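Give me a model of this one.
(one chain, ligands or ions: 1)
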Amino acid sequence: MREDSNSKKAMEVFLADKAGMCFGVRRALDLARQAGAGLGDGSEARVLGQLVHNRQVSEWLASQGVEEISGADPENLKAGGVYIIPSHGKGPFIYDIIESKGGTLVDATCPFVVQALKKAKSLREEGYFLLIYGDPGHEEVLGYQEWLGESCQVVKDFEAELKNLALPAKLAVMAQTTANQAEFVRFVDWLHDRGYQPLVLDTICSATKERREAAEKLAAQVDAMVVIGGKNSANTKNLAAYCQKFTPTFLIETKKDIDPSWLAGLKSIGITAGASTPEWIIKEVVEMMEEFKDQEQVQEQAVAAQENETDHEVEANFSDMEAEMGCLEFHPGDVVKGTVVKVSPDEVLVDIGYKSEGIIPAFELAFTKVDPQSVVKVGDEISVEVVKEDREGNVILSRKNALFEERINALEEALEKGEPVTATVIDVVKGGLLVDVGMRGFVPASHVERGFVKDLSEYLKQTLDFKILELNRQGRKVILSRKALLEEEYQKIKESFWSTIEEGQTRKGVVKRLTDFGAFVDIGGCDGLLHVSEMGWGKVAKPSDVVAINDEIEVYVLKVDREKEKISLSLKKLIANPWDLASEKYQVGGIYTGKVMRGASFGAFIQLEPNLEGLAHISQLARFRVNKVEDVLTEGMEIPVKILDINLEKKRISLSVKEAIDLPKLTKDEVQEEKAAPAAPAAEEAPSEAEMKEDETQTDAVNEAIEE
Ligand code: F3S
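This is a model prediction of the structure:
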């Protein structure tokens, strides 16, 4: 529709596909008219405020005997009469007053507002706190606030108003029915970025969206737009602001506001109207434009007669040239394919077959800040959405919007089929991870792993698979879970594990956890318990003496309890029992090297080889009196020992240190002292059962308690 400035065609007038009164306004007007018409008894009909945001409608209502009483103190309302609630609704207070005054109530609240309030109230009952995105002075928002009380907060400039506020986790957000959709989405994204996962109510009225889309589409194609509506109407002001992005726009209330000079030189003009604008006003404006168009045509004919043929040739040639170039016409919202022709730090130029290359500003490339060069390169064929044509005639494009459509469709399909999706972790926020899944996604902390994760930062920049838990196209929200996927995998592994595990098997495992009584070993589907008593043939003081976390070990399956899903493991079953060979390898009277393992009040335990220990009674440690083992020996010391006795039945070896060491000659006093010292007990007597037990009591008691 836009023409070259040299074109001499008459001005064309276009009316947007959707323009003027919406269902809610029309209904309110009808109800008010009926209320006024029904009065013949001297009573009066009054609207409690402005029925709709349009002065001409107010004037017409007055002519029908329906008075608007904006700002009147409700307490001072006259008794009786008919009271009309405007289309934007009111709080509960006014309903009570009218009832108390015996008035007849005509509720013209738009059903969409009623519906939004109903949803909000039911969420309040469920314990949600509601953020209402909208104009705090607007009647609709004031009404919500009055109904919801302390369970809500109205938000307009969210970045400033909510910056330092900690919001409840059970959070829901809704918008004024006439709110700006893009801004509301930005608000929801802002909450997501801060780790909140609000429930998003779809309360923006489709009538508003339809009028906006139709207006934008038209505005992108004409030389100027006229928006008709009340200057106090949020809906109309928003509409004018949207159009202004595409083309010069004039906001008028009636045809009287039109200044003909605006139209000078225009080749096309578009007309739209806010949702409160009655049809008769739109008709008047269109008719006036048509009249002007005719005048333009007359002028054009006169001018055309004076123009030489050359102009016509130029025009014809230009049209031919455009046709040859294959120039196309685009509309905002169209998704087209193009080839990247230039990438700079601020923008990307794309050939979409238009007169000039389309521009993708850097911020329209992805939903996070990206370096254009890391995302696209010259020659790439990409999909882009047409945003608008700016005043210089450049087509502004968005890659992220085109991707969003592609991606959300793919995500919806994955959700339906229960398939996993791949995403990269882009940030760690309060309560979870933000991920790039072609759009911004959120993974709650409790859904990152099967167990608790202390530090989420280790996941940053990792690319992982997730399952979709929740997807909301309207709120541009996707919640993902890695845990759900891991759980599924774990269940499969577990099933196969329990169908194959048998007692007597040898399995590879990884030590996952250590306790006082043993170690838990993951043997591929289940953690089995390796009790400390099964860690070796000799005495094991503590599990960490034998294994460490993440050690990969082989274990023997001792016991399988399928019902309780418990497995008992053993290490010592896989090791030869050193006692079986002890009598062949060691002789009584022989001297061997041993390692001091630990001391007790009655002597020292000395290892001859792994899992084979003997006891050197305290009297056998030196040729002089020893009060405490640590006075002469330290743990880990390697020393010569002499075997005094081997008792295979009781699995005991008696050792002597003093007889294995060639000690210096004793002094006279030391000889006396040695004589006074108790004699070395025989192997089978020393140490006593009681003494041995004393050392082991504590550990065994713990082990037994655990086993029970
Ligand atoms: Fe109702 Fe939507 Fe109109 S909320 S008043 S139908 S703009």
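
Would you tell me which residues of the chain are close to the ligand?
Taking Cβ under 6 Å from any ligand atom as the measure of proximity, the chain contacts the ligand at 22-25, 87, 110, 112-113, 177-178, 205, 207-208, 275. (C-beta placed from N, C-alpha, C; glycine too.)

if you set the cut-off to 8 Å instead, what comes out?
22-25, 28, 52, 87-88, 110-113, 140, 177-178, 205-208, 235, 275-276 (Cβ under 8 Å from any ligand atom).

Please list only the buried members of the residues you listed.
22, 24-25, 28, 52, 87-88, 110, 112-113, 140, 177-178, 205, 207-208, 235, 275-276 (16 or more other Cβ atoms under 10 Å).

Those in helices, which ones?
Using DSSP state H, G24, V25, A28, F112, V113, E140, A207, T208, N235 are the members of these that sit in helices.

ok, so of these, who is nearest L15?
A207 (16.5 Å; Cβ to Cβ).

my read: the closest one touches A19, true?
No: the pair A207 / A19 is not scored as a contact, 10.9 Å apart, by Cβ atoms under 8 Å.

E213: what secondary structure?
Taken by DSSP: H, G, I helix; E, B strand; the rest coil, the conformation at E213 corresponds to helix.

mind listing what it touches?
Residues near E213 by Cβ atoms under 8 Å, 6 or more residues apart in numbering: K18, G333.

ditto for A45
Per Cβ under 8 Å, 6+ apart, neighbours of A45: A32, A35, G36, L39, G65, V66, E67, G81, V82, Y83, I84, V106.

For it, give its distance to E554.
According to Cβ to Cβ, to the nearest Å, A45 and E554 sit 91 Å apart.

just A600 next, same as before
Per Cβ to Cβ, A600 is found 32 Å from E554.

swap in G49?
82 Å.

same thing with N54?
84 Å.

ditto for G338
Between G338 and E554 the distance is 61 Å, computed by Cβ to Cβ.

Which one's more surrounded, these two?
Remark: of G338 and E554, G338 carries more neighbours, 23 against 13, as counted by other Cβ atoms under 10 Å.

Please identify the helix or strand for the more buried one.
G338 is located in strand 335-343, with elements delineated by DSSP states H and E.

gap between that strand and the chain center?
A distance of 31 Å separates the centroid of the chain from that of strand 335-343, by Cα atoms, centre = their mean, to the nearest Å.

and stretch 104-112, what's its mean pLDDT?
Taken as a whole, stretch 104-112 has an average pLDDT of 90.

what sits up against that stretch?
Outside of stretch 104-112, the residues within contact range by Cβ under 8 Å, 6+ apart are 23-25, 27-28, 31-32, 35, 45, 47, 51, 81-90, 95, 98-99, 143, 177, 203, 205, 207.

Pull the number of nearby residues for G265.
G265 sits with 11 neighbouring residues when counted by other Cβ under 10 Å.

hmm, back to that, tell me which residues of the next helix or strand after the strand holding G338 come out buried.
Downstream of strand 335-343, the first helix or strand assigned by DSSP H and E is strand 347-351. Along strand 347-351, these residues count as buried under the neighbour rule (16+ other Cβ under 10 Å): E347, V348, L349, V350.

Reformat those into a markdown table and put pLDDT next to each item.
As requested, these are exported to a markdown table (pLDDT from 0 to 100):
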| residue | pLDDT |
| --- | --- |
| E347 | 90 |
| V348 | 93 |
| L349 | 94 |
| V350 | 93 |
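
Which pair in those residues has the greatest spatial separation?
Top of the distance list for those (Cβ to Cβ): E347 and V350, 9.7 Å.

okay, and the common contacts of these two?
I359, I360.

Which pLDDT value belongs to V57?
Reported pLDDT at V57 in the predicted model: 85.

What is the neighbour count of the closest residue to it other than its chain neighbours?
Leaving aside its chain neighbours, V57 sits nearest to P278 (6.0 Å; criterion: Cβ to Cβ, 6 or more residues apart in numbering). Taking other Cβ under 10 Å as the neighbour definition, P278 ends up with a count of 19.

Can you tell me how far P278 is from V285?
11 Å.

Same question for N238.
19 Å.

Taking the stretch 151-300 of the chain, what residue is nearest to the ligand?
Taking Cβ to the nearest ligand atom, the ligand has its nearest neighbour within the stretch 151-300 of the chain at C205, 3.1 Å off.

residues in contact with that residue?
Contacts of C205 (Cβ under 8 Å, 6+ apart): C22, G24, C110, F112, T177, T178.

Name the SS class of S383, please.
Per three-state DSSP, the secondary structure class of S383 is strand.

give the contact list for it.
S383 makes contacts with V335, V336, K337, R399, A402, L403, E406, as judged by Cβ under 8 Å, 6+ apart.

Can you flag the buried ones in those residues?
Buried among the contacts of S383 by 16+ other Cβ under 10 Å: V336, R399, A402, L403.

any chance of those in TSV, with pLDDT too?
Converted to TSV, the buried ones among the contacts of S383 look like this (pLDDT from 0 to 100):
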residue	pLDDT
V336	87
R399	89
A402	84
L403	84
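
what's the closest of those residues to the ligand?
The ligand lies nearest to A402 out of these, by Cβ to the nearest ligand atom, at 29.0 Å.

who touches the helix or strand harbouring I479?
I479 is located in strand 477-481, with elements delineated by DSSP H and E. Contacting residues not belonging to strand 477-481 are listed as 188, 192, 197, 200, 411, 421, 423, 435, 437, 439-444, 447, 466-472 [Cβ under 8 Å, 6+ apart].

now stretch 234-245
Taking Cβ under 8 Å, 6+ apart as the rule, stretch 234-245 contacts 53, 135, 138, 176, 178, 180, 208, 211-212, 215-216, 218-219, 225, 227-231, 249, 251, 270, 272-277, 388.

Now, of those residues, which are buried?
With burial judged by 16+ other Cβ under 10 Å, the buried subset of the contacts of stretch 234-245 is 53, 138, 176, 178, 180, 208, 211-212, 215-216, 218-219, 225, 227-230, 249, 251, 270, 272-277, 388.

what bits of the chain have low per-residue confidence?
The chain contains residues with pLDDT under 70 at 1-9, 37-43, 71-76, 293-332, 389-392, 474-475, 662-708.

Of all residues in it, which one is closest to the ligand?
Of the residues in the chain, the one nearest the ligand is G24, at a distance of 2.5 Å by Cβ to the nearest ligand atom.

which non-adjacent residue is nearest that residue?
Closest residue in space to G24, ignoring its immediate chain neighbours: C110 at 3.0 Å, by Cβ to Cβ, 6+ apart.

Surely V387 is in a strand?
Yes: counting by three-state DSSP, V387 is part of a strand.

how deep is it tucked in, by neighbour count?
V387: 24 surrounding residues under other Cβ under 10 Å.

That one contacts R399, correct?
No: using Cβ under 8 Å as the test, V387 is too far from R399 to be in contact (10.6 Å).

anything in contact with each of these two?
Contacts common to V387 and R399, judged by Cβ under 8 Å, 6+ apart, are E364.

State the three-state secondary structure for the closest residue to L251 other than its chain neighbours.
Nearest residue to L251 in three dimensions, chain neighbours excluded: A240, at 4.4 Å (Cβ to Cβ, 6+ apart). Classification of A240 using three-state DSSP returns helix.

Tell me which residues touch the closest residue in space to A207 that isn't next to it in sequence, please.
When the adjacent residues along the chain are set aside, A207 lies closest to C22, with 3.7 Å between them (Cβ to Cβ, 6+ apart). Neighbour list for C22: C205, A207, T208, R211, A275 [criterion: Cβ under 8 Å, 6+ apart].
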